[in-house]
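Asker: What follows is a protein structure lacking sequence information:
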């Protein structure tokens, strides 16, 4: 029986990308689905919410995988004289545009009203701080 060929460290590992995608999906479920399921004890929604509450572990999985992949990138290029400069320039070019869009979308776009929408769907009141922010239009 032949052993699988080792993966070169510079090759993209697709199954790790898929696993990171699953971790992101868990986070989205935890933030956008679990609050909608209801919390009446004994109801099917409460049981589903209890099970899906475990989806918070998607954050841990995402950070572990990201640390592994970033560590691999740093080890692959450790001989480069501009290792950290280029690393941080690439990270900023990859992260900052999306971060600006997310902040703008959640402060001025339709996502700014998401807490109010969840409160209407579930019948649960908003906490004071969230209600005040929405009322002031921030």
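Answerer: Alright, I've got the coordinates. Everything numeric here is computed off the predicted structure, so don't read it as measured data.
Asker: Let me know the helix or strand that the most centrally placed residue in the chain is in.
Answerer: For the chain, residue 24 is the residue whose C-alpha lies nearest the centre (CA atoms, centre = their mean; 4.6 Å). In the assignment (DSSP states H and E), residue 24 maps to helix 14-32.
Asker: Report the angle between whatever helix or strand comes next after that helix and helix 14-32.
Answerer: Heading C-terminal from helix 14-32, the first helix or strand you meet, by DSSP H and E, is helix 44-52. Taking axes from the mean of the first three to the mean of the last three CA atoms, to 10 degrees, helix 44-52 and helix 14-32 form an angle of 140 degrees between their directions.
Asker: Show me what helix 44-52 is in contact with.
Answerer: Contacts to helix 44-52, defined as CB atoms under 8 Å, 6 or more residues apart in numbering, come from residues 29-30, 33-34, 37-40. All C-beta atoms are positioned from the backbone trio N, CA, C, and that covers glycine.
Asker: Now distance to residue 82, pLDDT and neighbour count too, for these, in JSON lines please.
Answerer: What follows is the contacts of helix 44-52, written out as JSON lines (distance: CB to CB, whole Å; pLDDT from 0 to 100; neighbours: other CB atoms under 10 Å):
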{"residue": "29", "distance to residue 82": "40", "pLDDT": "88", "neighbour count": "16"}
{"residue": "30", "distance to residue 82": "39", "pLDDT": "86", "neighbour count": "18"}
{"residue": "33", "distance to residue 82": "44", "pLDDT": "85", "neighbour count": "13"}
{"residue": "34", "distance to residue 82": "44", "pLDDT": "83", "neighbour count": "19"}
{"residue": "37", "distance to residue 82": "50", "pLDDT": "81", "neighbour count": "19"}
{"residue": "38", "distance to residue 82": "54", "pLDDT": "72", "neighbour count": "15"}
{"residue": "39", "distance to residue 82": "53", "pLDDT": "72", "neighbour count": "13"}
{"residue": "40", "distance to residue 82": "58", "pLDDT": "77", "neighbour count": "9"}
